[in-house]
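Participant: Show me the folded form of this:
(one chain, ligands or ions: 1)
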Amino acid sequence: MTKLAIIGGTGLDEIPDLEITHREVCHTPFGEPSAALTHGSISGHEVVFLPRHGASHMIPPHLVNYRANLWALRHVGIQTILGVAAVGGIGSEMAPGRIVIPDQIIDYTFGREHTIFDNDLSHVTHIDFTMPYCKKLRQDLIEAGRLSGVNPVAGGTYGATQGPRLETAAEITRMERDGCDLVGMTGMPEAALAREFNLCYASCAVISNWAAGKSEGSISMGDIEKNLIKGMDHVKSLLVELLRIRAK
Ligand code: HPA
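Facilitator: A predicted model of the protein is given here:
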């Protein structure tokens with residue numbers, strides 16, 4: 001089984017259980033990745049970790065160099081990537097603290113470098129993106145969620161917004177009408193670029209808050225952080241099980 005890479009989002013800028021062997025700085029044709037790649041192991045299973053927002057969480061979602069991050073991981077031989085991301089919950093099942101393994105995406109982002117097929121093309125390439133996430137990794141994540149007792153929601157449509165501001169209540173109502181169950185700012189173009197790079201990519205979304213207008217009052221950063229701490233504990237349990245499944 002090939003090594004898993006984990007791209008960590010808000011609340012997962014580092015993995016405490018990761019035994020680090022070394023860090024590797026990569027320069028890519030697309031510029032600099034968010035941070036050096038951290039090589040190490042979790043419960044004896046080798047992984048590579050990359051914090052999406054940088055080692056000290058300084059890069060906002062719209063400025064993440066998604067192309068460089070994926071290029072760097074591919075360059076060190078990674079074929080499978082788990083993207084962990086904080087999200088707001090839209091659907092009634094999507095309560096703060098829960099984990100979701102989404103199966104669909106609607107992209108509302110704009111102005112991001114969203115493709116590697118825009119320069120020096122020998123031919124025009126249109127990836128198939130009907131099912132945006134890697135089927136096998138999603139299945140393993142759902143099984144790992146069951147075995148670890150985390151019981152993630154096994155599907156849902158991720159609406160990717162531009163950020164860095166949160167949405168208005170009307171925007172969330174529109175997204176709900178569109179069929180979105182979750183809202184986050186980093187799911188795209190990460191998933192599409194992974195497909196362009198021919199990588200197996202799936203997302204593990206951690207619900208940090210009810211999306212705008214889905215609860216009383218405004219969204220507080222304090223509540224987001226509190227829910228993320230709980231959610232990330234679930235992610236870590238799920239991760240250990242996932243690595244065990246993949247090693248079989
Ligand atoms: N909206 C967009 N992105 C998010 C949210 C949200 O409510 N919560 C965490 N990431």
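Participant: Could you list the buried residues of the longest helix anywhere in the chain?
Facilitator: When the chain is scanned for its longest helix (criterion: DSSP state H), the result is helix 221-247. By neighbour count, with 16 or more other Cβ atoms under 10 Å as the criterion, the buried positions of helix 221-247 are 224, 227-228, 231-232, 234-239, 241-243, 246. No exception for glycine: its C-beta is placed from N, CA and C like everyone else's.
Participant: Can you name every helix or strand that it contacts?
Facilitator: Applying 3 or more Cβ pairs under 8 Å, 6 or more residues apart in numbering; DSSP states H and E, one finds that helix 221-247 contacts strand 4-8, strand 37-42, strand 45-51, strand 80-89, strand 99-100, helix 135-148, strand 200-210.
Participant: what's the angle from the last one to helix 135-148?
Facilitator: Same thing as strand 200-210. If you take axes from the mean of the first three to the mean of the last three Cα atoms, to 10 degrees, strand 200-210 sits at 50 degrees to helix 135-148.
Participant: Nearest to the ligand: which residue in the protein?
Facilitator: At 2.4 Å from the ligand, residue 88 is the closest residue in the chain, using Cβ to the nearest ligand atom.
Participant: Look up which residues are beta-bridged to that residue.
Facilitator: Beta-bridge partners recorded for residue 88 (DSSP bridges): residue 183, residue 209.
Participant: So it sits against residue 213, correct?
Facilitator: No: using Cβ atoms under 8 Å, residue 88 is not in contact with residue 213, being 10.3 Å away.
Participant: which of those two has more neighbours?
Facilitator: Between residue 88 and residue 213, counting by other Cβ atoms under 10 Å, residue 88 is the more crowded of the two (27 against 16).
Participant: can you tell me which residues contact the more buried one?
Facilitator: 166-167, 172, 182-184, 207-212, 214, 219 (Cβ atoms under 8 Å, 6 or more residues apart in numbering).
Participant: Pull the contacting residues for the most centrally placed residue in the chain.
Facilitator: The centroid of the chain falls nearest to residue 83 when counting by Cα atoms, centre = their mean (2.9 Å). Shown in contact with residue 83 (Cβ under 8 Å, 6+ apart): 7, 9, 52, 186, 187, 190, 191, 194, 201, 202, 203, 204.
Participant: residues near the first one, how many?
Facilitator: Applying the criterion other Cβ under 10 Å, we find 27 residues in the vicinity of residue 7.
Participant: That one reaches residue 64, doesn't it?
Facilitator: No: judged on Cβ under 8 Å, residue 7 makes no contact with residue 64 at a distance of 9.5 Å.
Participant: Now for the two: what residues contact both?
Facilitator: Common neighbours of residue 7 and residue 64 (criterion: Cβ under 8 Å, 6+ apart): 52, 190.
Participant: Hmm, residue 178 and residue 159 touching each other?
Facilitator: Yes: using Cβ under 8 Å, residue 159 makes contact with residue 178 at a distance of 7.1 Å.
Participant: which neighbours do these two share?
Facilitator: Taking Cβ under 8 Å, 6+ apart as the criterion, residue 159 and residue 178 both touch residue 106.
Participant: Just the buried positions in stretch 152-160, please.
Facilitator: 152, 153, 154, 156, 157, 158, 159, 160.
Participant: Next one: the residue lying closest to residue 77 once chain neighbours are set aside from residue 126, what distance?
Facilitator: Closest residue in space to residue 77, ignoring its immediate chain neighbours: residue 3 at 7.1 Å, by Cβ to Cβ, 6 or more residues apart in numbering. From residue 3 across to residue 126, the span is 29 Å (Cβ to Cβ, to the nearest Å).
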